[in-house]
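Novice: My questions are about this predicted structure, shown below with the sequence.
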Amino acid sequence: GRVNLRKPDHKFWLMETDEYDLNNGLPPVAQRTIFFGREVGAADRKLLPTYQLKSRTYIGPTAMDAEIAFLMANQALARSGKLVYDPFVGTGSILIAAAHFGAMTM
């Protein structure tokens, strides 16, 4: 079949790590770990500038970065019809991200 490199149907990744200096002064042993997998999702990076900290009118000393807040809301499966309760709301970074996905927030 034809190969489309611009918009492939599937993306595969090969990641390789080398671990050095883990032998407490002994001669180095290069341990190589290789991971191979298929990409199942990607970030929606175009929404981040809307919620960046620098675009907010108030930033507290513990304001969470928008990218981390969106990761947390996504892992919590924040969706329409779900309730997200943050008792330590602070400046509301997590609740803003959850509300973006349609969740009710408290």
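Specialist: Sure, I can see it. Residues are numbered from 1 along each chain as shown.
Novice: in the helix or strand bottoming out on mean pLDDT in the chain, what counts as buried?
Specialist: Using mean pLDDT, DSSP states H and E, the weakest-scoring helix or strand in the chain turns out to be helix 48-51, at a mean of 80. For helix 48-51, burial by neighbour count (16 or more other CB atoms under 10 Å) applies to residue 51. (Glycine included, C-beta is placed from N, CA and C.)
Novice: so what secondary structure elements neighbour it?
Specialist: Where contact means 3 or more CB pairs under 8 Å, 6 or more residues apart in numbering; DSSP states H and E, helix 48-51 is packed against helix 66-75, helix 93-100.
Novice: The shortest one versus helix 66-75: what angle between them?
Specialist: Following axes from the mean of the first three to the mean of the last three CA atoms, to 10 degrees, one obtains 60 degrees for the angle between helix 93-100 and helix 66-75.
Novice: for helix 93-100, packing partners?
Specialist: Judged by 3+ CB pairs under 8 Å, 6+ apart, helix 93-100 is in contact with helix 48-51, helix 66-75, strand 83-84, strand 104-105.
Novice: Contacts only, for the residue nearest the centre of the chain.
Specialist: Centroid check for the chain by CA atoms, centre = their mean gives residue 71 as the closest residue, at 4.2 Å. If a contact means CB atoms under 8 Å, 6 or more residues apart in numbering, then residue 71 has no contacts.
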